[in-house]
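K.L.:
A predicted structure for the sequence below; I have some questions about it.
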Amino acid sequence: MVRGVFLSLVFLLSSLSATVYEENCVSCHKRLPVSIDKYFYKYLLIYSSETDTKNAIINYLKVPVKETTVMSDSFISRFGVKQRTTLSEKQLQEAVDEYWQRYKVFGKLK
Amino acid sequence: MSASKSLDTDFLSSEKRTLFRFSILYILLTVIIISVFSFIYYELQKDLMLQEKKSTLQEYSKKFLYDLKQLHINFDKTQVYPRYENFDSAIFDNEKKLIFATSDTKIKLDKILYLHDEVIHLVNIPESYYLGAKYVIIKMKDDGLWLKQTRREILIFSSITFIFMLIVGYSLLRMFLKPMRDAIQLLDRFIKDTTHELNTPVSTIVTNIEMIDKEMLDAKLLRKINRIDIGAKTISNIYQDLTYLTLGNKIISNDEDVDIEHLVIERIEYFKSLASAKKVLLQMELVQNTSLFIDKGKISKLLDNLISNAIKYNKINGSIHIIVEDKKITVADTGIGIAKEDISQMLERYTRFNKSSGGFGIGLNIVASIAKEYNLHIEIESEEKVGTKVSVSW
């Protein structure tokens, strides 16, 4: 009984400390066969800079349509277009900032 | 040797100044033209070299983009940036922010192919921005062979052109100067011929006037004879000036110690009649007697010219003071004077500032010529409508 309460508390605390990105992006993407970093490099291939890449992601999350996706047609045919985001502007910005920080190229090349 | 021939190279200082200015301007223009052509040639050679290297750089760029693409695909496994022996590279995002570079040369992204700090740069914009790289720069060291060759060619071309332009310039100068030389020669030849014809009649008049016993003459005739005397002396002065001008350089000097006080008294006596005709007071002021080792004829000519000018350009009832000091003679008049800006040209031949008085404008040129021969220093002070002071010191 005590052990059960302790585990529930640990789970609750860890879910409380999770970031917007982890909670709203990673949690869904990990169910897909394509890892989340691959989407990032797709965006980079088209939008190049930090500002343009972040804006493109945010715009797509707000209005996800076939025409603006960076993924291939076969991918869209198989998995479809995602649902419109329910996150606020601030949360979106926070999530995309973290996404950029995790996968950006700057400072990683050797 | 004829007098006109001796004047062939005898340019006046204003002519020398004009020639000097023309030469400077001509050389400057030649240098500017050569520099412009050299610069254009250098730029053309540089472009040619860049175009030759472009295909090599494009090959390198292709190879690099392939490796960059592979890195982009496998970025989760490796982050090692591709490096090569033959060239360096750099990548920038579309905000021109450096992503990575293998060397730190300053890069201009607004040009496609250029040379900077002996490094050839090719700026490439790929279709896909691998790792976010919108600008891919390939950098290759320039071997500098074309530059050495171009410099050598420019040096040879510039030297040949410069020498050619100098020859052309010299020919043009001779062509432009010919009318001026001809005019000077004509004037000198005219003076020489006129002088020769004046010699005998002037000598006859002066000698005969000196032979007349003036005490035997009545007052009216004496006045007439005095006027003839003044006229003859004026002609005699002009004759002597012209003789000096045409034969001056050939006259052999008999230098001796000349007593200046004695000479001044003698010359005042000579010019007395001329001065009195214009009611000009001619007097000497002796501060300290002095002597000068010089040809007596030449120092007399120098003094005569200063005194005759002082009389000629004086006012009626004016005065002339000849001051004799230690190693210095000064002739000061109360004449019309001369503007300050004209003083520097006073000693030039055929220069006259007062066209109403007669003369050829050669008197002060003769003074300058004698002064130059004996290293005498001439100082001229003048004020319009006040007078002129000419000092000769040694």
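P.N.:
Yes, it's here. Just so it is clear, the model here is predicted, and its values are computed rather than measured.
K.L.:
can we go C-alpha only for contacts and neighbour counts from here?
P.N.:
Fine.
K.L.:
Nearest to chain B: which residue in chain A?
P.N.:
residue A:48 (3.8 Å; CA to the nearest CA).
K.L.:
my guess is that residue meets residue B:128, correct?
P.N.:
No. Judged on CA atoms under 8 Å, residue A:48 makes no contact with residue B:128 at a distance of 9.0 Å.
K.L.:
And the pLDDT for the residue of chain A closest to chain B?
P.N.:
pLDDT recorded at residue A:48 is 92.
K.L.:
longest helix in chain B, by residue count?
P.N.:
In chain B, assigned by DSSP state H, the helix with the most residues is helix B:145-211.
K.L.:
what's the angle between the helix or strand that that helix is followed by and helix B:145-211?
P.N.:
As assigned by DSSP states H and E, the chain's next helix or strand after helix B:145-211 is helix B:219-247. Relative orientation of helix B:219-247 and helix B:145-211, computed by axes from the mean of the first three to the mean of the last three CA atoms, to 10 degrees: 150 degrees.
K.L.:
Check the model's average confidence along helix B:219-247 for me.
P.N.:
78.
K.L.:
Contacts for the helix or strand just after it next, please.
P.N.:
Next along the chain after helix B:219-247, taking DSSP H and E as the criterion, comes strand B:255-259. The contact list for strand B:255-259, computed with CA atoms under 8 Å, 6 or more residues apart in numbering or on different chains, reads B:289, B:290, B:291, B:292, B:293, B:294, B:295, B:296.
K.L.:
go with 10 Å
P.N.:
With contact meaning CA atoms under 10 Å, 6 or more residues apart in numbering or on different chains, strand B:255-259 is reached by B:289, B:290, B:291, B:292, B:293, B:294, B:295, B:296, B:297, B:298, B:299, B:300.
K.L.:
In chain A, mark out all the helices, start to finish.
P.N.:
Going by DSSP H, chain A shows helices at A:2-17, A:20-21, A:27-29, A:36-47, A:50-62, A:73-79, A:89-103.
K.L.:
tell me the contacts of the closest residue to the residue of chain A closest to chain B other than its chain neighbours?
P.N.:
Distances taken as CA to CA, 6 or more residues apart in numbering or on different chains place residue B:132 nearest to residue A:48, at 3.8 Å, with adjacent residues excluded. Residues near residue B:132 by CA under 10 Å, 6+ apart: A:41-50, A:53, A:104-106, B:72, B:91-94, B:99.
K.L.:
Filter these down to the buried ones.
P.N.:
A:41-50, A:53, A:104-105, B:72, B:91-94, B:99 (16 or more other CA atoms under 10 Å in any protein chain shown).
K.L.:
Just list the residues touching the residue of the stretch 251-394 of chain B found nearest chain A, thanks.
P.N.:
Closest to chain A within the stretch 251-394 of chain B is residue B:341: 73.2 Å, counting by CA to the nearest CA. Under the criterion of CA under 10 Å, 6+ apart, residue B:341 has no neighbours.
K.L.:
can you tell me how far it sits from residue B:35?
P.N.:
Going from residue B:341 to residue B:35 by CA to CA, to the nearest Å gives 39 Å.
K.L.:
how deep is residue B:89 tucked in, by neighbour count?
P.N.:
Counted with other CA atoms under 10 Å in any protein chain shown, the neighbours of residue B:89 add up to 24.
K.L.:
Please disregard the earlier target; I meant residue B:227.
P.N.:
Neighbours around residue B:227, by other CA under 10 Å: 15.
K.L.:
mind checking pLDDT for the closest residue to residue B:384 other than its chain neighbours?
P.N.:
In space, and not counting its chain neighbours, residue B:384 is closest to residue B:337: 4.1 Å by CA to CA, 6+ apart. Residue B:337 is assigned 84 on the pLDDT scale.
K.L.:
Please apply the same query to residue B:358.
P.N.:
54.
K.L.:
for residue A:16, same thing?
P.N.:
What the model reports as pLDDT for residue A:16 is 50.
K.L.:
And for residue B:157?
P.N.:
93.
K.L.:
Then residue B:114?
P.N.:
Confidence score, pLDDT, at residue B:114: 93.
K.L.:
hmm, who's touching the helix or strand containing it?
P.N.:
Residue B:114 belongs to strand B:113-116 when assigned by DSSP H and E. Here strand B:113-116 makes contact (CA under 10 Å, 6+ apart) with B:46-47, B:49-51, B:53-54, B:57, B:105-108, B:120-124, B:137-142.
K.L.:
Is the following helix or strand past that strand in proximity to chain A?
P.N.:
Counting by DSSP H and E, the next helix or strand C-terminal to strand B:113-116 is strand B:119-124. No. Between strand B:119-124 and chain A, judged by CA under 10 Å from any CA of the partner chain, nothing touches; the nearest distance is 14.6 Å.
K.L.:
quick one: contacts for residue A:27?
P.N.:
Residue A:27 neighbours (CA under 10 Å, 6+ apart): residue A:21.
K.L.:
do the same with the one 10 residues further on
P.N.:
By CA under 10 Å, 6+ apart, the contact set of residue A:37 is A:29, A:99, A:100, A:102, A:103, A:104, B:75, B:76.
K.L.:
same deal with residue B:393?
P.N.:
Neighbours of residue B:393 in contact, by CA under 10 Å, 6+ apart: B:325, B:326, B:327, B:328, B:329, B:330, B:371, B:375, B:376, B:377, B:378, B:379.
K.L.:
likewise residue B:53?
P.N.:
B:47, B:113, B:120, B:122, B:140, B:142.
K.L.:
burial of the last one, as a residue count?
P.N.:
Put plainly, it is residue B:142. Neighbours of residue B:142 (other CA under 10 Å): 18.
K.L.:
For residue B:93, see how far away the residue of chain B at minimum distance from chain A is.
P.N.:
Residue of chain B nearest chain A, by CA to the nearest CA: residue B:132 (3.8 Å). Residue B:132 sits 6 Å away from residue B:93, going by CA to CA.
K.L.:
what helix or strand does the closest residue to residue B:304 other than its chain neighbours sit in?
P.N.:
Among residues not flanking residue B:304 along the chain, residue B:267 sits closest, at 6.9 Å (CA to CA, 6+ apart). Residue B:267 belongs to helix B:260-277 when assigned by DSSP H and E.
K.L.:
What is that helix packed up against?
P.N.:
helix B:219-247, strand B:281-286, strand B:291-295, helix B:296-312, strand B:319-325, strand B:328-333 (3 or more CA pairs under 10 Å, 6 or more residues apart in numbering or on different chains; DSSP states H and E).
K.L.:
can we see that at 7 Å?
P.N.:
strand B:281-286 (3 or more CA pairs under 7 Å, 6 or more residues apart in numbering or on different chains; DSSP states H and E).
K.L.:
partner strands of the strand it packs on, parallel or antiparallel?
P.N.:
Strand B:281-286 pairs in its sheet with strand B:319-325 (parallel), by DSSP bridges.
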